[in-house]
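A.B. asks: Below: sequence and its predicted model.
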Amino acid sequence: MIDLHTHSTASDGTDSPAELIRHAVAAGLNTLAITDHDTTAGWELAAEAVQSLDVPFRLVRGTEFSCAYFDRDGRRTGLHLLGYLFDPAAEELKAERARLRDNRLGRGEKIVQNLAAAGYPITWQRVVEIADGGSVGRPHLGRALVEANVVGSVDDAFANLLSSSSPYYVPKQDMEVHDAIGLIRRAGGVPVIAHAWARTRGKVLQADVLAELVDAGLLGIEVDHPDHSAEDRGKLRALAAELGVLTTGSSDYHGANKTVRLRAETTSPESLERLLSSATGVELISSPAR
Ligand code: AMP
Ligand code: FE
Ligand code: FE
Ligand code: ZN
């Protein structure tokens, strides 16, 4: 079983990279991608954990990049792009990851200031402690709000205070998506659009825009995702077939920060093979038992 989208403490998940691998094995997976937001910081520890396993297991190293699409009128749609098996030393993309992480700090602090000004007892210092060196994201703010007894759960925090339609929300300065696709491809990686039609999160890209991104070098669409309706999955699968790109299925596991479990959605071995055959940045890592 193959799960190609998961988060660790290197971003807004709650499992360390080693725990993530251990939990993946326990969940019955034999292939996992670690895809923290805007960072490769978890790659090394995850790889070490796989190299000490005594069961067959494969690790796909990746990153979930924060991106934005601008239409002809300049209207912005935020989206996430999974980049798999790119060279982490490729300079331009590396610089973009650093910029994106840095922007997450300023932006997170602004949201905290907005909430604090409205009387919610939350401090930036506490959020930074909770993030503990990982790429800062709204789930860390959510945990600070839970700690302060403002909300009952991170989910509740996302339902209003932290949602993108909240008055306290501040967007990130994300990568322009055509640029991101180009940089990932030039670093030997495979760009796949994450949760393309997760409509509850906000605006999504229409089919014609997805086609435009495929022309720009997009190689896959994440079709099976917990935030996708059955109807949208069917349409995305048909669109991917029409456009000739691969499809993936993934849990988007975040440990205790989300309710979804590892292996909740999976990718077919055929799709994984296609993905691997398109990658030239870094290798798949296999456990010694394989
Ligand atoms: P940010 O990257 O700071 O804009 O925060 C978005 C992140 O929050 C994404 O990684 C989502 O997976 C995560 N997220 C979205 N909805 C929820 C939720 N209801 N509970 C926990 N995390 C969420
Ligand atoms: Fe996340
Ligand atoms: Fe995402
Ligand atoms: Zn994710």
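C.D. replies: Looks like it arrived, so ask away. Numbering: from 1, shown residues only. Ligands and ions are numbered 1, 2, ... in the order given.
A.B. asks: so how far is the lengthiest strand in the chain off the chain centroid?
C.D. replies: Ranked by residue count and defined by DSSP state E, the top strand of the chain is strand 58-70. Offset of strand 58-70 from its chain centre (CA atoms, centre = their mean, to the nearest Å): 6 Å.
A.B. asks: what's it packed up against?
C.D. replies: In terms of contacts (3 or more CB pairs under 8 Å, 6 or more residues apart in numbering; DSSP states H and E), strand 58-70 is packed against strand 31-37, helix 43-51, strand 76-84, helix 91-117, strand 175-176, helix 177-186, strand 285-286. All C-beta spots, glycine's among them, are computed from the backbone N, C-alpha and C.
A.B. asks: list the buried ones in the longest one?
C.D. replies: Which is helix 91-117. Neighbour counts over helix 91-117 (16 or more other CB atoms under 10 Å) mark 93-94, 96-97, 100-101, 103-104, 107-108, 111-112, 114-115 as buried.
A.B. asks: Would you reformat these as JSON lines and include distance to ligand 4 and pLDDT?
C.D. replies: Formatted as JSON lines, these follow (distance: CB to the ion, whole Å; pLDDT from 0 to 100):
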{"residue": "Leu93", "distance to ligand 4": "18", "pLDDT": "98"}
{"residue": "Lys94", "distance to ligand 4": "20", "pLDDT": "98"}
{"residue": "Glu96", "distance to ligand 4": "18", "pLDDT": "98"}
{"residue": "Arg97", "distance to ligand 4": "15", "pLDDT": "98"}
{"residue": "Leu100", "distance to ligand 4": "14", "pLDDT": "98"}
{"residue": "Arg101", "distance to ligand 4": "15", "pLDDT": "98"}
{"residue": "Asn103", "distance to ligand 4": "17", "pLDDT": "97"}
{"residue": "Arg104", "distance to ligand 4": "14", "pLDDT": "98"}
{"residue": "Arg107", "distance to ligand 4": "17", "pLDDT": "98"}
{"residue": "Gly108", "distance to ligand 4": "17", "pLDDT": "98"}
{"residue": "Ile111", "distance to ligand 4": "19", "pLDDT": "98"}
{"residue": "Val112", "distance to ligand 4": "22", "pLDDT": "98"}
{"residue": "Asn114", "distance to ligand 4": "24", "pLDDT": "98"}
{"residue": "Leu115", "distance to ligand 4": "23", "pLDDT": "98"}
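A.B. asks: In space, what's closest to whichever residue of the chain sits closest to ligand 3 - neighbours in sequence excluded?
C.D. replies: The nearest approach of the chain to ligand 3 comes at His80, 3.7 Å away (CB to the ion). Spatially, and ignoring its direct neighbours in sequence, His80 is nearest to Ala194 (3.9 Å; CB to CB, 6 or more residues apart in numbering).
A.B. asks: sorry, back to before: okay, now the sheet partners of the longest strand of the chain, with direction.
C.D. replies: According to DSSP bridges, strand 58-70 forms sheet pairs with strand 31-37 (parallel), strand 76-84 (antiparallel), strand 175-176 (parallel), strand 285-286 (antiparallel).
A.B. asks: and for the first one, what are the contacting residues?
C.D. replies: So the one you mean is strand 31-37. Outside strand 31-37, the residues that touch it by CB atoms under 8 Å, 6 or more residues apart in numbering are 1-8, 10-13, 17, 20-21, 24, 42-43, 46, 57-66, 82, 84, 104, 134-135, 137, 250, 262, 267, 272.
A.B. asks: Run through the bridge partners of the residue nearest to the spatial centre of the chain.
C.D. replies: The residue lying closest to the centre of the chain (CA atoms, centre = their mean) is Glu64, at 3.6 Å. Note on Glu64: beta-bridge partners by DSSP bridges are His37, Leu82.
A.B. asks: show me the contacts for it.
C.D. replies: Here Glu64 is in contact with His5, His7, Ser11, Thr35, Asp36, His37, Asp38, His80, Leu81, Leu82, Gly83, Ala194 (CB under 8 Å, 6+ apart).
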